[in-house]
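# give me a 3D structure for the following:
(chains A and B)
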Amino acid sequence: MPSMFTRLSRTGPRLDDERGVALAVAIFAVVIIGMLVAGTFYASLLEQRTGENTLYAQQAFEAAESGMADALSNWDQSVYGAFPVDTPQALTAVTAGRTQYTPIITRLNSTLFLVSARGEQVDAGGRVLARRMLGTLARLTPTNVDVQAAVTSKGNVKVGGNATVDGNDHNPSGWTGCDAPGAPKAGVRTDGTVQIIGGGTTLGSPPTNQGDATVVDSLFTNPFNELKAMLNINLTSESNNGMAPSATGTPLRCNKTLMLNWGEPWNPGTVAQCHGYFPIIYRNGNLKVQNGRGQGILLIEGDFEVRGNFEFTGLIIATGLLKANGTGNKITGGVLAQNADLDDVALIGNPVVNYSKCAISRALSASAAVKPLTDRSWVQLYN
Amino acid sequence: MSVRQRGFTLVELMIALILMTLVGTVIFKLLNSTQRVSTAQTERMILQSSIRTGALVVPSELRELSTSVGGQTDLVDIAPDSITYRAARGVGFTCAVTATQIKILNTTVLPFSALRAISPGRDSLLLYVERDPATAADDAWVRLPISSLATTTCGTEPAIAVNMPDFINDLPDSQLVSVVVGGPVRTEEVMRLKSYAAGGQQWLGAASLSGGDAVQPILGPITPAGLLLEYFTGDGTVTTTLSAVRVIRIRVIGLTERAVAQGGISGANVILQDTLVTRVLLRNSPR
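Residues are numbered from 1 along each chain as shown, chains lettered A, B, ... in the order given. All right, here's what the predicted structure looks like:
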């Protein structure tokens, strides 16, 4: 008699009776769907990364543009002008979040520069995600100053005492790299008259150029205003004594933070680090100086009085009078005194004013603004 | 004793058949919809990638153009669906200049920086002429043909010698001294970007006219009016004057290459389109 167990075993599940295809079909479908989903996911991931890379590239591009603008707006001609030609010099990198740029200055010749910047976007670990190199072709545009005499003035000029005003071209003593002295200029050039008193001397070709109708206000005001916009030192006191170059730090660098450091005109001098420092010094009001030395460009919105033992190499422009008295005064370069009040410009004592094309050129070049070329200055770089 | 008959009844078979049909239909629909969604997603990505390419390549081509008023504008011809221009290809710095040869410095630290090597005939050379160093007002660029190239040196430094016909009379004052050594040179070629038809579809393509090349696709397909170029002056006024162009607005309407599902599983297949608009400030135009 068949037992209950036998019957149950016949009606219960038996592995060898499972002949359906549902499981296989389901697995097949799951695999196919999984492959499609995985493929789409992978493609989407690639797409996302491509999009991110585009963003990173754009951020690096913008960083490079910022780097160029930064370098141009913080131009230091006394440093960059001394860079070796055709040798790129990287400046300090600037980092903002995960974006950074490194300005690079390449001096191409005496007036042209390639101001480039490497912009980078980095990840949290500092790994570079995107990099762009851009450049700006820039050139020095020195202020145009019409210096045709050792002293140029409006109104009458008195040269007395043992003063010497020499329009012959003098290279500053000890300076290297100056061209041979050029054609002599006038000693004094004015639209008024020149009065020689006592032992006063004017030299040059001609020694005096009087009644020159081309001496007009714009000859003084145009360069004055242009240079004033780039001033380095704004003098707060009317009287200034003891101007002297100074260096600081390790290694020693010219200390440009001092109001009475006007560069080192002497060569070799005592502070070689300041040989390349030609500041634009501005005084809003009358200025009296004595006992000191300096170089660069001196702008006085008022009268300028030299009171003794003052030596300056470069260009001096005063909207008022020029007065020199005392002993030991020496100016090498050129003086423009607009003499707005039409008093007499008076050079007495024993001042020496020597015209120097090299001194004027150095002072103007050192303070020259660097601007992108007027056309085709922006370049995409590929290295 | 009866022998048990193995097999299925008709009813069992019918039930199994119906169940399998139902399950198969569900699985097919699931697979089909997944495949449609996957295809649609892929097509969308291709479309977006395509127009993104346009957003990268086209501005990159146009950004460096100059539209100065001195007769040296880099724009040759402009239209709503095409633009012909002199594309910048490289920049370098002279180390020696004669009337028929310009040597370009190519050192490790200051190489000739270019998208590709100079190609005589295809490329022309722009030479910077400084003239009076005391003023920037008289600076100029002079465009010169390139006859041939050679590898050379400037002193001990490696350089590229670019040979050309005597160009003295092409200089503004016909004096070689007005070309300063160390000044920049640039290479350029005449290119055209335009919308064109191929294979029954519209594409955005580019061709080197100075190289005599056929149009090569940059992106696409696009709609028949899928490329729209608009030209603006510095104050945002639309202009057709080449030298007045300061900004170029580029609109690209891209299409998927085939119809894809839209609006879920039951949605009809359609050609998708996507639009990208970008504006390019011409960096080398006077401002």
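# name the nearest residue to residue B:41, sequence neighbours excluded.
Distance criterion Cβ to Cβ, 6 or more residues apart in numbering or on different chains; nearest residue to residue B:41, sequence neighbours excluded, is residue A:40 at 5.1 Å. Using the backbone N, CA and C atoms, a C-beta is placed for each residue, glycine as well.
# need phi/psi at the one you found.
Main-chain torsions, residue A:40, degrees, to the nearest 10: phi -60, psi -40.
# kindly report the same for the one 10 residues further on.
With angles defined as degrees, to the nearest 10, residue A:50 sits at phi -60, psi -40.
# report the separation between it and residue A:121.
Look at residue A:50 and residue A:121: by Cβ to Cβ, to the nearest Å, they are 15 Å apart.
# my guess is the residue nearest to residue B:41 meets residue B:43, correct?
No. Shown here, residue A:40 and residue B:43 do not form a contact pair, counting by Cβ atoms under 8 Å, at 11.2 Å.
# give me the three-state assignment for the residue at minimal distance from the centre of chain A.
By Cα atoms, centre = their mean, the mean C-alpha position of chain A lies nearest to residue A:75, the distance being 1.8 Å. At residue A:75 the chain is in coil, as set by DSSP: H, G, I helix; E, B strand; the rest coil.
# so who does residue A:174 touch?
A:266-269 (Cβ atoms under 8 Å, 6 or more residues apart in numbering or on different chains).
# nearest to chain B: which residue in the stretch 251-383 of chain A?
Ranking the residues of the stretch 251-383 of chain A by distance to chain B (Cβ to the nearest Cβ) places residue A:378 first, at 3.7 Å.
# next one: the helix or strand containing residue B:279, is it in contact with chain A?
Element membership of residue B:279 [criterion: DSSP states H and E] is strand B:273-281. No. Using Cβ under 8 Å from any Cβ of the partner chain as the criterion, no contacts between strand B:273-281 and chain A are found, and the smallest distance is 10.0 Å.
# grab the nearest non-local neighbour of the residue of the stretch 51-200 of chain A found nearest chain B.
In the stretch 51-200 of chain A, the residue found nearest to chain B is residue A:109; the distance is 3.4 Å by Cβ to the nearest Cβ. Using Cβ to Cβ, 6+ apart and skipping residues adjacent in sequence, the residue nearest residue A:109 is residue B:182, 3.4 Å away.
# quick check: the one you found touching residue B:96?
No. With contact taken as Cβ under 8 Å, residue B:182 and residue B:96 are classed as non-touching, separated by 10.3 Å.
# got the contact list for residue 141?
The chain I'm using is chain A. Taking Cβ under 8 Å, 6+ apart, we find residue A:141 in contact with A:368-371, B:135-136.
# wait, chain B
Listed by Cβ under 8 Å, 6+ apart, the contact set of residue B:141 reads A:375-376, B:72, B:126-129, B:186.
# beta-bridge partners for it, please?
Each beta-bridge partner of residue B:141 is listed here: residue B:128, as defined by DSSP bridges.
# does the residue nearest the centre of chain B belong to a helix, a strand or coil?
Nearest to the mean C-alpha position of chain B, counting by Cα atoms, centre = their mean, stands residue B:57 at 3.5 Å. Secondary structure, three-state DSSP: residue B:57 is helix.
# ok, back up a step: what number of residues lie near the residue nearest to residue B:41?
Other residues within reach of residue A:40 by the criterion other Cβ atoms under 10 Å in any protein chain shown amount to 19.
# repeat for the one 5 residues further on
Using other Cβ under 10 Å, residue A:45 has 10 neighbouring residues.
# with residue B:162 instead?
With other Cβ under 10 Å as criterion, residue B:162 counts 27.
# now it: closest residue in space that isn't a chain neighbour?
In space, not counting the residues next to it along the chain, residue B:162 is nearest to residue B:102; the distance is 4.9 Å by Cβ to Cβ, 6+ apart.
# what does the stretch 251-383 of chain A have sitting close to chain B?
By the rule Cβ under 8 Å from any Cβ, the part of the stretch 251-383 of chain A lying against chain B is A:371, A:373-383.
# most neighbours out of those, which is it?
The member of those surrounded by the most neighbours (other Cβ under 10 Å) is residue A:376, with 26 neighbours in all.
# for it, give me its contacts.
Taking Cβ under 8 Å, 6+ apart as the definition of contact, the neighbours of residue A:376 are A:137, B:66, B:68, B:126, B:141, B:186, B:284.
# between those residues, which is closest to residue A:175?
When the contacts of residue A:376 are compared for distance to residue A:175 (Cβ to Cβ), residue A:137 comes out closest, at 29.9 Å.
# on the three-state scheme, the closest one is what?
Of the three states, residue A:137 takes strand according to three-state DSSP.
# can you pull the contacts of it?
The contact partners of residue A:137, by Cβ under 8 Å, 6+ apart, come to A:112-115, A:372-373, A:376-379, B:91, B:128, B:184.
# for these, give me TSV that also has pLDDT, distance to residue B:271 and secondary structure.
Output for the contacts of residue A:137, formatted as TSV (pLDDT from 0 to 100; distance: Cβ to Cβ, whole Å; DSSP: H, G, I helix; E, B strand; the rest coil):
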residue	pLDDT	distance to residue B:271	secondary structure
A:112	92	54	strand
A:113	95	53	strand
A:114	96	49	strand
A:115	96	48	strand
A:372	92	46	strand
A:373	90	48	coil
A:376	90	43	coil
A:377	93	45	coil
A:378	95	40	strand
A:379	95	41	strand
B:91	96	43	strand
B:128	93	50	strand
B:184	96	48	strand
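# include distance to residue B:106 when you put those into TSV, please.
Supplementary listing: the contacts of residue A:137 in TSV, determined by distance: Cβ to Cβ, whole Å:
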residue	distance to residue B:106
A:112	18
A:113	19
A:114	15
A:115	21
A:372	24
A:373	22
A:376	20
A:377	22
A:378	22
A:379	16
B:91	12
B:128	17
B:184	14
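# pick out the most distant pair among the contacts of residue A:174.
Within the contacts of residue A:174, two members stand farthest from each other by Cβ to Cβ: A:266 and A:268, at 7.0 Å.
# strands paired with the strand holding residue B:279, and their directions?
By DSSP bridges, strand B:273-281 pairs with strand B:247-255 (antiparallel).
# now the partner strand: average pLDDT?
Across strand B:247-255, the average pLDDT comes to 93.
# quick one: distance of the next helix or strand after that strand to the chain centre.
The C-terminal neighbour of strand B:247-255 among helices and strands, as given by DSSP H and E, is strand B:260-261. Computed by Cα atoms, centre = their mean, to the nearest Å, the separation of strand B:260-261 from the middle of its chain amounts to 29 Å.
# where does the residue lying closest to residue A:62 once chain neighbours are set aside fall, secondary structure wise?
Of all residues not flanking residue A:62 in the chain, residue A:119 sits nearest, at 6.9 Å (Cβ to Cβ, 6+ apart). For residue A:119, the enclosing helix or strand under DSSP H and E is strand A:112-122.
# so which elements touch that strand?
Using 3 or more Cβ pairs under 8 Å, 6 or more residues apart in numbering or on different chains; DSSP states H and E as the contact test, the elements touching strand A:112-122 are helix A:22-73, strand A:99-107, strand A:128-141.
# check which helices and strands the longest one sits against.
So that's helix A:22-73. Helices and strands touching helix A:22-73, by 3+ Cβ pairs under 8 Å, 6+ apart, are strand A:94-96, strand A:99-107, strand A:112-122, strand A:128-141, strand A:369-372, helix B:10-62.
# now the angle from it to helix B:10-62?
The directions of helix A:22-73 and helix B:10-62 differ by 10 degrees, with axes from the mean of the first three to the mean of the last three Cα atoms, to 10 degrees as the criterion.
# out of the contacts of residue A:141, who has the most neighbours?
Top of these by neighbour count (other Cβ under 10 Å): residue A:370, with 22 neighbours.
# my guess is that one contacts residue A:136. True?
No. Taking contact to mean Cβ under 8 Å, the distance of 9.5 Å between residue A:370 and residue A:136 leaves them out of contact.
# report the contact partners of whichever residue of the stretch 101-250 of chain B sits closest to chain A.
When distances are taken as Cβ to the nearest Cβ, the stretch 101-250 of chain B approaches chain A most closely through residue B:182, which lies 3.4 Å from it. Residues near residue B:182 by Cβ under 8 Å, 6+ apart: A:85-86, A:108-109, A:112, B:93-95.
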